[in-house]
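Visitor: Need the 3D shape of this:
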Amino acid sequence: MCPASPFSRSWVAMDTVTLVLSFSKAAKNRWSPKSTKHLSWRCPNELEFNMTSKPHGILLIDKELEWTSHDVVAKLRGILGTKTIGHTGTLDPLASGLLVILVGEYTRLSNYVLAQEKTYETEVTFGRSTTTDDAEGEIVKMVEMPALNEKALKESLELFNGTISQRPPAYSAISVGGEKLYKKARRGEEVDVPLRQVHVSEISLLEMTAETCRLRIRCSKGTYIRSIARDLGEAMGGAAFCSALRRTAVGEFSVSEALKIGSTAEAHRASLLTGLSAKVGLPPIQLQKQEAMDLSHGKKIGCRADVQIKPGELALAFYGDEIWAIVAEHQGEIIVKRGFGKQV
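Guide: Model (predicted):
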């Protein structure tokens, strides 16, 4: 704590360095707002010097209902103090669950996180269909259906196992003719939504009532759970829509490890996954010092006996606990596919 002075003014740098300076009248001419345009004022008579680095890592967020994925990212920009941030797979406002957020240099891994399987728990309500295939849309059809039968339901679920052709909802962010489908749908235009192939690794019945069932679905990227609900209703001889949806996992990341967006800034920073804990679906390899130096300069390195990368596959190279580069095997050597600008 600095002693009080006749002329005391506090300065705070809000970027990577925080400074609070109290100074005397004699220092007045040496310090002016012009020379410190990146600083902002705070309470006097304190001296702080808090060196903080820009955050990097993977943050797991348990998104609540009614938040958009964009809302979450925008909130975290302010909490973490960085613009270099993004999510890896949209969740609709009526869906809750796991959002994998990439921060700082880890945004370079977005394609690899996006490619991982996702796991959902969903509730399907039978006897009605909606414009959006979920609870947000208007009811467009009501069908008298008998109470659900477990045997018949499980037989219908088998139709959705493996690689299937799926028609995305009319209210979706897919572009047709250079425009998002939901924009066309809102104008009342009828659009021939193209079929797409997706893969469902698991679809299992968790529980059921007379007119609803709860399912666990593990699937590839680009799979619409709303479409599965709609098509399941048709397979059962009636109609259905997705009445609730929660994402529980992305690859090896689980919602049980995630934070709520209302957690403190300190909790968010402390929960950033870095290094070997950043499981993005690429096999990890550990570099020795000389190998890390060579890769930093764009050189190839030899494949050690204890390093196995299959031809055509990528791996994540680490030096210590730092991500160093995305690498690949090429003619018996390891080459850099994407560097992270690190130096030993």
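Visitor: show me where the stretch 1-150 of the chain has helices.
Guide: Secondary structure of the stretch 1-150 of the chain, counting by DSSP state H, counting those that start in this stretch: helices at 69-80, 110-114, 150-157.
Visitor: Against which helices or strands is the longest one packed?
Guide: Spelled out, that is helix 69-80. strand 57-63, strand 85-87, strand 95-103, helix 265-270 (3 or more CB pairs under 8 Å, 6 or more residues apart in numbering; DSSP states H and E). Using the backbone N, CA and C atoms, a C-beta is placed for each residue, glycine as well.
Visitor: Tell me which residues of that helix come out buried.
Guide: The neighbour-count check on helix 69-80 (16 or more other CB atoms under 10 Å) flags 69, 72-73, 76, 79-80 as buried.
Visitor: The protein - how does it break down into domains?
Guide: Following automatic domain parsing, one gets these domains for the chain: 10-51, 57-116+253-275, 118-250, 282-339.
Visitor: start to end distance for the third one?
Guide: In terms of CA to CA, to the nearest Å, the two terminal residues of domain 118-250 are separated by 4 Å.
Visitor: Contacts only, for the closest residue to residue 209 other than its chain neighbours.
Guide: Leaving aside its chain neighbours, residue 209 sits nearest to residue 148 (7.3 Å; criterion: CB to CB, 6 or more residues apart in numbering). Going by CB atoms under 8 Å, 6 or more residues apart in numbering, residue 148 touches 126, 208-213, 236.
Visitor: Can you check the pLDDT for residue 148?
Guide: Looking at residue 148, its pLDDT is 95.
Visitor: can you offset everything so residue one is 48?
Guide: Got it, the first residue is 48 from now on, which makes the last one we talked about residue 195.
Visitor: Just give the number of residues close to residue 383.
Guide: Using other CB atoms under 10 Å, the number of residues around residue 383 comes to 20.
Visitor: Roughly how far does the closest residue to it other than its chain neighbours sit from residue 342?
Guide: Leaving out its chain neighbours, the residue that sits closest to residue 383 by CB to CB, 6+ apart is residue 372, at 4.8 Å. Distance, residue 372 to residue 342, by CB to CB, to the nearest Å: 5 Å.
Visitor: shared neighbours of these two, anything?
Guide: Common neighbours of residue 372 and residue 342 (CB under 8 Å, 6+ apart) are 364, 383, 386.
Visitor: Filter these down to the ones in helices?
Guide: Within the shared contacts of residue 372 and residue 342, no residue falls in helices by DSSP state H.
Visitor: Nearest to residue 221 among the residues you listed?
Guide: Nearest to residue 221 out of these is residue 386 (CB to CB; 33.2 Å).
Visitor: Report the beta-bridge partners for that closest one.
Guide: Legend: beta-bridge partners of residue 386 under DSSP bridges are residue 372.
Visitor: Surely it and residue 372 touch.
Guide: Yes - using CB atoms under 8 Å, residue 386 and residue 372 qualify as a contacting pair, with a distance of 4.8 Å.
Visitor: So between those two, which is more surrounded?
Guide: Just comparing residue 386 and residue 372: by other CB under 10 Å the higher neighbour count belongs to residue 372, 25 against 16.
Visitor: what sits against that one?
Guide: When contacts are counted by CB under 8 Å, 6+ apart, residue 372 touches 342, 364, 383-387, 389.
Visitor: And it, how far from residue 338?
Guide: According to CB to CB, residue 372 and residue 338 sit 10 Å apart.
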